[in-house]
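Colleague: build me a model from this:
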Amino acid sequence: MLDSLVAISDSKAEYAIGGGARLLSGLTLLGAGFALLRTWIIRERLGSPAVPILLGASGALTALSGAAAVGLGVAAPEPASAIPDFADQALTGATYQFRWIAGKLGFVVGGLALIVAARYQWKAGGALRRIAPASAVLGLLMQLIWIDSATPLHPVIGIAFTVWLAAIGAMLFSGRVESHFLALRR
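Modeller: A predicted model of the protein is given here:
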């Protein structure tokens, strides 16, 4: 923790901005999960309500992790020599650990959402069936967040998750998803 706090102190503004971006992306995902929960696909049980609930939970955890990161970035003392005293404060340690666990859990829960979604994408057919295997694999890869030796993969997996969310969002917005689910209703 001490080395991380020194790094935070050395780049307070960048760290706080990164935390703010994480906070905003988490809130966006929380809102998207809530919006997805209200769609007719979920109301008519053509998709699982677990997916938007898991996405929303992922967003909430990510937002909380981002808020903790902002707090650390703002509160970290500028002279690195003051870091040991800052690190000894109970609130600092709790915030640091909370940011870490909330961020990891947010990623894991997002991956679980993709794994669950893959089953429904496969059932829907068409373009959704074609991306279902990628959804499942990406969801499984997101579970690697706990493995330190996989750390170099985390940014790549995170970008892939963002691309997946954008692609699914575009499909939902354009109605491409709707046509596949309408075929299931017949």
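Colleague: pLDDT weak spots in this protein?
Modeller: Applying pLDDT under 70 to the predicted model, the residue ranges of the chain that meet it are 176-186.
Colleague: ranges for the helices of it?
Modeller: Here the chain has its helices, by DSSP state H, at 2-10, 12-37, 40-43, 50-75, 83-88, 90-124, 126-142, 154-174, 176-185.
Colleague: need the winner for burial among those.
Modeller: helix 50-75 (a mean of 21; mean count of other CB atoms under 10 Å). C-beta coordinates here come from the backbone N, C-alpha and C atoms, glycine included.
Colleague: tell me the angle that helix makes with helix 154-174.
Modeller: Using axes from the mean of the first three to the mean of the last three CA atoms, to 10 degrees, the direction of helix 50-75 lies 130 degrees away from that of helix 154-174.
Colleague: angle of helix 50-75 against helix 2-10?
Modeller: Angular relation of helix 50-75 and helix 2-10 on a 0 to 180 degree scale: 70 degrees, by the same axes, to 10 degrees.
Colleague: what is helix 50-75 packed up against?
Modeller: The elements that helix 50-75 packs onto, with contact taken as 3 or more CB pairs under 8 Å, 6 or more residues apart in numbering; DSSP states H and E, are helix 2-10, helix 12-37, helix 90-124.
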